[in-house]
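A.B. asks: What follows is a predicted protein model with its sequence.
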Number of protein chains: 4
Amino acid sequence: MSHNSFGHLFRVTTFGESHGPAIGAVVDGCPPRLTFRREDVQAALDKRRPGQSRFTTQRKEPDEVEILSGVIEAEDGTLTTTGTPIALLIRNVDQRSKDYSNIATSYRPGHADYTYDVKYGVRDHRGGGRSSARETASRVAAGAIARLVAPRVAIRGALVAMGEIEIDRTRWDWSEIDNNPFFCPDPVAAKKMEGYLDGIRKSGSSVGAMIEIVAEGAPAGLGAPIYGKLDADLACAFMSINAVKGVEIGAGMEVARLTGEQNADEMRAGNDGRPVFLSNKAGGVLGGISTGQPIVARFAVKPTSSILTPRRSVDQTGAEVDVSTKGRHDPCVGIRAVPVGEAMMAIVLADHVLRHRGQVG
Amino acid sequence: MSHNSFGHLFRVTTFGESHGPAIGAVVDGCPPRLTFRREDVQAALDKRRPGQSRFTTQRKEPDEVEILSGVIEAEDGTLTTTGTPIALLIRNVDQRSKDYSNIATSYRPGHADYTYDVKYGVRDHRGGGRSSARETASRVAAGAIARLVAPRVAIRGALVAMGEIEIDRTRWDWSEIDNNPFFCPDPVAAKKMEGYLDGIRKSGSSVGAMIEIVAEGAPAGLGAPIYGKLDADLACAFMSINAVKGVEIGAGMEVARLTGEQNADEMRAGNDGRPVFLSNKAGGVLGGISTGQPIVARFAVKPTSSILTPRRSVDQTGAEVDVSTKGRHDPCVGIRAVPVGEAMMAIVLADHVLRHRGQVG
Amino acid sequence: MSHNSFGHLFRVTTFGESHGPAIGAVVDGCPPRLTFRREDVQAALDKRRPGQSRFTTQRKEPDEVEILSGVIEAEDGTLTTTGTPIALLIRNVDQRSKDYSNIATSYRPGHADYTYDVKYGVRDHRGGGRSSARETASRVAAGAIARLVAPRVAIRGALVAMGEIEIDRTRWDWSEIDNNPFFCPDPVAAKKMEGYLDGIRKSGSSVGAMIEIVAEGAPAGLGAPIYGKLDADLACAFMSINAVKGVEIGAGMEVARLTGEQNADEMRAGNDGRPVFLSNKAGGVLGGISTGQPIVARFAVKPTSSILTPRRSVDQTGAEVDVSTKGRHDPCVGIRAVPVGEAMMAIVLADHVLRHRGQVG
Amino acid sequence: MSHNSFGHLFRVTTFGESHGPAIGAVVDGCPPRLTFRREDVQAALDKRRPGQSRFTTQRKEPDEVEILSGVIEAEDGTLTTTGTPIALLIRNVDQRSKDYSNIATSYRPGHADYTYDVKYGVRDHRGGGRSSARETASRVAAGAIARLVAPRVAIRGALVAMGEIEIDRTRWDWSEIDNNPFFCPDPVAAKKMEGYLDGIRKSGSSVGAMIEIVAEGAPAGLGAPIYGKLDADLACAFMSINAVKGVEIGAGMEVARLTGEQNADEMRAGNDGRPVFLSNKAGGVLGGISTGQPIVARFAVKPTSSILTPRRSVDQTGAEVDVSTKGRHDPCVGIRAVPVGEAMMAIVLADHVLRHRGQVG
């Protein structure tokens, strides 16, 4: 069962609510004798950490990770995995629960408030509780461990659209990712997004975004057909991220319009005995198994439902109310979904590296 | 682990290759004391069965299902489930393996030929072996059992786009589904598709399609956050279908362009104490839990990679070859994906009905 | 979930009732490129097959296995695994259901009749339905596939006690196993058992037995602490066999009486860099991980509950009745548990070979 | 997969090493709206806590539990479960790692030292690392949550034998359990154990024990045949406890000696429509499903392998050494296995209550 666990041989279990004492993850199945430093996990968390620009929530969370188990520490701080579960703990610090008193009993339209109540008959309303994007910090910490399993695979994410603004792919430059607060690979689009999102932010509104995650260097052969296909597991992983409503692999939804001729990624002989593909409509996955090409996935993140504009709703008694949210929120929660998407790609690949090695050797 | 099983409490395991002796499914965890008839499963299979129009493969497969276990048969043929695994067997009949001799050693571009070989070092090339769409007959049979678990949920699928032709949603009429060979709810679009696909078919080409699956009447509260979210499991289920490259829930990829105001599905008080939603951008799922609205999902099916037009490729030795496929194939494999998508929706919902009942009572 | 599946990377799902059309197994996760012949599976089934001596049920079942998927057959009949699920089918032939009419509504004391009814509210009473020892034929077929995964491990089982008769371990001779109808390694005890069991059989009674399974040649390092320990998985596997009420590893229940000095398996340096153990109280497992010594397990099988002597019971209406069983039954069901125990040992080891390879490489 | 998780719908994941910063558990799938207090979990831990008499290790661990997630706290300290994962954290305090310097490179005979090294190629030798009995504190904490799921089931454990001393069952008195440091229900035997174990302790030796766990009030119908049988899951649960080498249900290994007549638990009509059983050879489980009788299981715990008497062994280089252990250890680790066994019984029953409710309603 997988209520709060993801993966099989490399298995991540997360816990924690937005305004509880702590959040965290248990990473089970990590191979032994891999080495890393606490700072490697911290750096991944820092990339996702809120409050780093005016475009993300102003909640101040240091997100300092403590590694509780599963490693042996050398005198120089190098950590070596032992094959036992690695528990990662992040204390919550800045919990202004009173910000949320007005939504304690009312349901934000488009939010999980209503569904948690109707499912469980009880709800931790403070900051969204378990449904908060805060849970994704646990994923990012676990993703840093996952990257150790296949160190030669380069996993990178980018924001490729925000509301009305799309990037121009001819300007794609990975090095631009760190030059703007949006993880946007197109500097021209990034500039436009700055003004655009300032407007959204000041009006108390929010906006959606499109994220693309690319894994380069993954070997051919990963994926476990029929019901552990690599692309199906990626779809599950990305759709499990808060606010995601669509996932594409390679050409994605566009394939509905293509002919067989257009969609065929032709092959020629490669120098290393492996074929060279002349295109990548498949996004690096055929029949649920990686081809050795870059694995390319996209997902769409909806605008956060916490907005200042009053929306019609109901409360727990069923009475009609108007709801507007004053808490600190991301005007575009899609921005911080970039490192989360990278983490999920890393976790899925780590799991399939181990699964492939187990079954096929 | 889930190489060839799907679901948790309601769990389907499928087996079988396109040109082996048989395919089938084992349905584990079905509740006891549900009643059905063999004809119910057969009717589902008949809907997917090949050779019913000139627009699907001309392979002649009766797809007669045999129910091997898990039921008690009354004298009138009524079957009652006993809570033990229900094994469903479908013999393969029309296996012209010689059609495939030319692809025994060459890789069809866009097909799983290459990836199965590179993963397993061996491949059943006859008709695609395990990667064939024939495997989906097992899913459809299992889906017929799944429908018994939540009999008041109406699950229906439709083809909403084929290549260049999209339906006009204002003309959507579920009763039209059975009036054309495409499961198309728009009679005008269906007429256009007929001529369009005839052209594709005669030229030996193929084309993609977009499928929409709608489940009406599912209760609020289904879904198991964070890693068993209803929409994440649906994304996994649909992406596991052959040739699917993208999955959307509700507004889908479109949400990247919306503002928080546009995306909010506002609520008003309902007569039964449950809220009434004024729109359904969420596609019936919030925070990974069903809202009680219709669950709406779409997926894009790529054109089949078996086409007459020669494409550049390589063979098992790495030598460059041109490949064209003479076997009997669907010019638009998306058509038969409609009943398969319905089956996967039924399986995911059955699993979550049982999971919810188990945890929450 | 594992209602009817066992194992993780090497995963066996069984189905079928005693008097339904067929029983069988789906073996998922078997590595590719292993070779075997249909006769190998058949030979394993023949060892367990009923009706081979007067000491097992007189039901005539040829137990012919059909291999439906997951293999490619060469012209000489050699089968090569492809990494896809291997479905194994065994038709039921000799189903004298009328023998069971008297227990259709009454509960045999000590049998699963009552518990299936109370759990599911419905029961396939014919021959015990799913609770029949007939299900174990599916395990034996799957076990034959499991043995392919670690071909250098020799797995053998023996009956070491039957009712009042215990073997003398100083007379243990594996070659005697095939010289008597009990799989008994002590020829003197076997002789005694013959007369003893004839008496039991003629009086319509039944008797329990103790089985020992030994795996020699398994590498050190198998087992996945803390909750996938090798001995815990073996305990689960053996306890899941019909009628088993106790499981021991190595010194077993006896360890409660030992001191630390008596229990320590001392070690000396071995020639190959691996230690040599001077005793095997551990039964080849320490901390849930194999030591490289022989893995030794025992389990106790209760007497079959189908006996001629009337026993007090109740029927489905709650009314008091006397029950005696006239069906064809094993006077000592423990005899046929020997090949079943071997199969479960093979399945557990195959799973752990793959799990170890996956996590540790 | 279940390296470090146990259970399906009610699922416990534990982490932590003996001498790392902390140990803990994540309890996933707990139903919502159950209430308890932190003190309830603490009380369970206190029962297992070391250092409470001279007969357990003198390590001083307060074992204070912190509840990090999954609950809402009322002003009076009452905790209400929300259906999300409950993380339980226990800091390690008294870690005299230097005690273990002599076993950093040598293998204690009968201990997991060697097997962890041979499996993972690395080992946290301090106090046994993950293989330490300290891990069982996590189980006990999780077990306290598990008891909430079926509050009317009374789960109690007792030590029924220690080395040469067995209890007299005619003197069994549950109220005596708290009157001696052994959880022994026979006051006469408890008195003998005191002198006996003092001798063992003073000589630096250790001794095994037999534990019996009884669950009264569990409903009939729990258990999921064929591979999720209640007794098979109990066998797995108990065998996963450190140092356990044998598990029995009901009459256990003794059944090998019984006839069908002796083994049949006869039934008579009960007042509530449910049958009354006249004996309980079955230990409350038939066909893998609970009968409604008390569920009775026993397991044998071997003597701890850390003893003062030098034993022959090897070190990591393969060189021959003599090993004796000076660390603080339990002379009879079986004593503290009593609350651990109770916890595992609670966890298995909680899981099966939810699984039964999910499948059967």
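C.D. replies: Here it is on my side, so go on.

A.B. asks: in chain A, which spans are helices?
C.D. replies: Ranges of helices in chain A, per DSSP state H, are A:38-48, A:113-120, A:136-146, A:187-202, A:230-239, A:260-263, A:337-360.

A.B. asks: quick one: A:Gly157 and A:Glu212 touch, right?
C.D. replies: Yes - in this structure A:Gly157 lies within contact range of A:Glu212 using CB atoms under 8 Å: 6.8 Å. C-beta coordinates here come from the backbone N, C-alpha and C atoms, glycine included.

A.B. asks: thinking again about what came up before, would you list the helices of chain A in CSV and tack on mean neighbour count and mean pLDDT?
C.D. replies: Formatted as CSV, these follow (neighbours: other CB atoms under 10 Å in any protein chain shown; pLDDT from 0 to 100):
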stretch, mean neighbour count, mean pLDDT
helix A:38-48, 18, 95
helix A:113-120, 25, 95
helix A:136-146, 28, 98
helix A:187-202, 17, 96
helix A:230-239, 30, 98
helix A:260-263, 24, 96
helix A:337-360, 27, 98
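
A.B. asks: Tabulate these (TSV), appending distance to chain D.
C.D. replies: Listed next are those as TSV, based on distance: least, CB to the nearest CB, whole Å:
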stretch	distance to chain D
helix A:38-48	12
helix A:113-120	4
helix A:136-146	10
helix A:187-202	30
helix A:230-239	14
helix A:260-263	36
helix A:337-360	10
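
A.B. asks: Out of these, which is closest to B:Ala235?
C.D. replies: helix A:230-239 (3.9 Å; CB to CB).

A.B. asks: and the closest one, how far out from the chain's middle?
C.D. replies: Its chain's C-alpha centre and that of helix A:230-239 lie 11 Å apart, by CA atoms, centre = their mean, to the nearest Å.

A.B. asks: Are there helices or strands packed against it, and which ones?
C.D. replies: strand A:244-249, strand A:285-286, strand A:295-301, helix A:337-360, helix B:230-239, strand B:244-249 (3 or more CB pairs under 8 Å, 6 or more residues apart in numbering or on different chains; DSSP states H and E).

A.B. asks: May I have the third one as PDB, with CA atoms only?
C.D. replies: Taking C-alpha atoms only, strand A:295-301 is exported to PDB below (Å, rounded to 0.1, in the frame of the first residue of the first chain):
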ATOM      1  CA  ILE A 295      13.800  11.500 -20.600                       C
ATOM      2  CA  VAL A 296      11.600  14.500 -21.000                       C
ATOM      3  CA  ALA A 297       8.400  15.200 -19.000                       C
ATOM      4  CA  ARG A 298       6.200  18.200 -18.500                       C
ATOM      5  CA  PHE A 299       3.500  18.900 -15.900                       C
ATOM      6  CA  ALA A 300       1.000  21.800 -15.400                       C
ATOM      7  CA  VAL A 301       0.600  23.400 -12.000                       C
END
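
A.B. asks: Point out where the stretch 101-250 of chain A drops to low pLDDT.
C.D. replies: Residues of the stretch 101-250 of chain A meeting the criterion pLDDT under 70: A:101-103.

A.B. asks: circling back to that earlier point, which of A:Gly157 and A:Glu212 has more neighbours?
C.D. replies: Using other CB atoms under 10 Å in any protein chain shown as the criterion, A:Gly157 and A:Glu212 rank with A:Gly157 on top: 25 against 22.

A.B. asks: Distance of that one relative to A:Phe6?
C.D. replies: 18 Å (CB to CB, to the nearest Å).

A.B. asks: A:Gly77 is in contact with A:Thr35, isn't it?
C.D. replies: No - contact between A:Gly77 and A:Thr35 fails when scored by CB under 8 Å: they sit 10.7 Å apart.

A.B. asks: Of those two, give the one with the bigger neighbour count.
C.D. replies: A:Thr35 (13 against 9).

A.B. asks: how close does that one sit to chain B?
C.D. replies: 28 Å (CB to the nearest CB, to the nearest Å).

A.B. asks: Please name the residues that touch that residue.
C.D. replies: A:Thr78, A:Leu79, A:Thr80, A:Thr81 (CB atoms under 8 Å, 6 or more residues apart in numbering or on different chains).

A.B. asks: Just give me the closest of those to chain C.
C.D. replies: The closest of the contacts of A:Thr35 to chain C turns out to be A:Thr81 (CB to the nearest CB; 10.7 Å).

A.B. asks: what is that closest one paired to in the beta sheet?
C.D. replies: Counting by DSSP bridges, A:Thr81 is bridged to A:Val71.

A.B. asks: Against A:Leu34, how distant is it?
C.D. replies: 5 Å.

A.B. asks: and what of A:Ile86?
C.D. replies: For A:Ile86, the distance to A:Leu34 - CB to CB - is 10 Å.

A.B. asks: Output the set of residues of the stretch 151-300 of chain A in proximity to chain C.
C.D. replies: A:Pro225 (CB under 8 Å from any CB of the partner chain).

A.B. asks: Could you check which residue of the stretch 151-300 of chain A lies nearest chain B?
C.D. replies: A:Gly287 (2.4 Å).

A.B. asks: what's the burial count for that residue?
C.D. replies: So A:Gly287, with other CB under 10 Å, has 27 neighbours.

A.B. asks: for the one 10 residues further on, same thing?
C.D. replies: Around A:Ala297 sit 28 other residues, with neighbours defined as other CB under 10 Å.
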